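*Asks:* kindly return the folded structure for what I paste below:
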Amino acid sequence: MFNLYKALLSERENDGKRLWVLFGLMNIINGALLAYVITKDLEPGMSKALTAFLGLVISILWWGASRRMSA
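*Replies:* Okay, here's the model as predicted:
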């Protein structure tokens, strides 16, 4: 019984580590995108739309990944 508890506790710790790695990666990429948007003078039209679409897609991917990790 103790071995089962030890295995479950170890797996729970690994899940926590994976969640923090995912969160750190999410912050790095979001920070890079924010820095890009702040420092670039985006012309109206395709570049603004493409940047907004890319941000939306990445946000949906992060939301899905964090939802799966927390489940």
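*Asks:* pLDDT of the strand or helix carrying residue 53, averaged?
*Replies:* Using DSSP states H and E, residue 53 sits within helix 46-70. Taken as a whole, helix 46-70 carries a mean pLDDT of 78.
*Asks:* and it, which residues are buried?
*Replies:* For helix 46-70, burial by neighbour count (16 or more other Cβ atoms under 10 Å) applies to residue 62. For glycine as for every other residue, the C-beta is placed from the backbone atoms N, C-alpha and C.
*Asks:* centre of the chain versus it, how much separation?
*Replies:* Centroid separation for helix 46-70 versus its chain: 9 Å, with Cα atoms, centre = their mean, to the nearest Å.
*Asks:* now stretch 31-43
*Replies:* The chain centre lies 18 Å from the centre of stretch 31-43; the measure is Cα atoms, centre = their mean.
*Asks:* start at 33, not 1
*Replies:* Sure, I'll start numbering at 33, so the last one becomes stretch 63-75.
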